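# fold the following for me, if possible:
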Amino acid sequence: MASGIPIEISGLTKRFGPVTAVEDLSFTVEPGRVTGFLGPNGAGKTTTLRTLLGLVRATEGSATFGGTAYGALERPLETVGAALDANFHPGRTAHAHLAVYATAAGIAASRVPEVLGTVGLTEFAGRRVGGFSLGMRQRLSLAYTLLGDPGVLVLDEPINGLDPEGIKWIRVFLRNLAAEGRTVLVSSHLLSEVQQSVDDVVIISRGRLVKTGTLASLELDAAPRTIVDSPDRDALRAALETAGLDATEGRNGFIVDEPDPAKVGHAAFVGGVEVSSLHRLKSGLEESFLSLVGGGEE
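Numbers count the residues shown, from 1 in each chain. The predicted model follows:
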């Protein structure tokens, strides 16, 4: 197994013409931990991952594996296992699908049955992929990421399409990978899908970072707080700072570390700021996550 190395995203910006998909994004994914890369659909997660894997060129900043761009890795499949937009030839068997990539990468053919066994597809090795369910295809994608026994795993929505048994299996699977010292980055648009698997979270919305830290820190964020918004957010920010209230800006306003909306409203009143919304934020991990990303998909 290749040793785990950090994934380093630094000042990453990606524009597609007039559209900014990712803006000044910076975070680090450490070895030996499972990191959840979270945000609603359209938040910029896939663009970030595609840039990391050299499929898209950054407008500004960098995305590397321990300081080395994916395209400069000597043996990429033995360093990084990635499952993004998996393509399967429907007429090939699961074994043949993996064998093609193993041969191309100079990986021993013996790895094919090994990884099929690891993901629970041994009995389906001779079956054509065209007849696979979505969950079975997800497992086959995971088998592909493990072909080179890499130290880094980058997985885009790996739980999508899995049944309850499959979800339970992949949670244990991810934890075991991290326990071996690998670096594991898992994207999802739902915190509930990955919260039992991850150690750390990186949350983005509209291409910008809104939260990074341990899952425990997000649990602390789940304490009752107040959400407030104004047509003039700069003035509102200044009023909250003047009142000594700590706040984080989200899509639907500022999340204030104060459970009493009346105190937050008073701070805005004293600052002469018009308030467009003001209410107490319910406690709970999912509520905390949704408040950071604005409560839904773009």
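
# any idea how far residue 137 is from residue 130?
Counting by Cβ to Cβ, to the nearest Å, the gap between residue 130 and residue 137 amounts to 10 Å. Just so you know, the C-beta spots here come from the backbone N, C-alpha and C atoms, and that holds for glycine as well.

# which secondary structure element contains the residue nearest the centre of the chain?
Centroid check for the chain by Cα atoms, centre = their mean gives residue 37 as the closest residue, at 1.6 Å. In the assignment (DSSP states H and E), residue 37 maps to strand 34-38.

# picking that back up, residue 130 and residue 137: who's more crowded?
Neighbour tally, residue 130 and residue 137, criterion other Cβ atoms under 10 Å: the higher count belongs to residue 137, 15 against 11.

# helices or strands up against the helix or strand containing the more buried one?
Here residue 137 sits within helix 134-145, counting by DSSP H and E. With contacts taken as 3 or more Cβ pairs under 8 Å, 6 or more residues apart in numbering; DSSP states H and E, helix 134-145 sits against strand 80-83, helix 94-105, helix 111-118, strand 152-156, helix 164-179.

# starting from the shortest one, tell me which strands it pairs with and how they run.
The one in question is strand 80-83. strand 152-156 (parallel) (DSSP bridges).

# centre of the chain versus the strand it pairs with, how much separation?
Averaging C-alpha positions (Cα atoms, centre = their mean, to the nearest Å) puts strand 152-156 9 Å from its chain's average.

# format the CA atom coordinates belonging to that strand as CSV.
Provided in CSV are the C-alpha atoms of strand 152-156 (Å, rounded to 0.1, in the frame of the first residue of the first chain):
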residue,chain,number,x,y,z
VAL,A,152,-5.1,8.3,-1.2
LEU,A,153,-8.8,7.7,-2.1
VAL,A,154,-11.0,10.4,-3.7
LEU,A,155,-14.6,9.3,-3.9
ASP,A,156,-17.5,11.4,-5.4
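
# contacts only, for the residue nearest to residue 224 when sequence neighbours are not counted.
Once flanking residues are discounted, residue 224 sits nearest to residue 259: 4.0 Å by Cβ to Cβ, 6 or more residues apart in numbering. By Cβ atoms under 8 Å, 6 or more residues apart in numbering, the contact set of residue 259 is 223, 224, 225, 226, 280.

# report the buried residues of stretch 234-252.
236, 237, 239, 240, 243, 245, 247, 250, 251, 252 (16 or more other Cβ atoms under 10 Å).

# pretty sure the second one contacts residue 248?
The reference is to residue 237. No: here residue 237 lies out of contact with residue 248, judged by Cβ atoms under 8 Å, at a distance of 10.6 Å.

# what do the two both touch?
In contact with both residue 237 and residue 248: residue 254, using Cβ under 8 Å, 6+ apart.

# now do the helices in the protein.
45-52, 94-105, 111-118, 134-145, 164-179, 191-194, 215-221, 233-242, 261-270, 285-293 (DSSP state H).

# tally of neighbours for residue 229?
Residue 229: 18 neighbours (other Cβ under 10 Å).

# so it touches residue 275, yeah?
Yes: at 7.3 Å, residue 229 counts as touching residue 275 under the criterion of Cβ under 8 Å.

# find the residues that touch each one of the two.
With Cβ under 8 Å, 6+ apart, residue 229 and residue 275 have common neighbours residue 236.

# ok, now how distant is the residue nearest to residue 126 when sequence neighbours are not counted from residue 65?
Closest residue to residue 126 apart from its sequence neighbours, by Cβ to Cβ, 6+ apart: residue 93 at 5.2 Å. For residue 93, the distance to residue 65 equals 32 Å [Cβ to Cβ].

# equivalent analysis for residue 197, please.
21 Å.

# neighbour-wise, which of those two wins?
Of the pair residue 197 and residue 65, residue 65 is the one with more neighbours under other Cβ under 10 Å, namely 25 against 22.

# run through the bridge partners of the more buried one.
For residue 65, the beta-bridge partners are residue 7, residue 68 (DSSP bridges).

# surely it is in contact with residue 5?
Yes: applying Cβ under 8 Å, one finds residue 65 in contact with residue 5, separated by 5.5 Å.

# contacting residues for the nearest residue to residue 145 once chain neighbours are set aside?
Closest residue to residue 145 apart from its sequence neighbours, by Cβ to Cβ, 6+ apart: residue 81 at 3.1 Å. Going by Cβ under 8 Å, 6+ apart, residue 81 touches 144, 145, 146, 147, 148, 150, 152, 153, 154.
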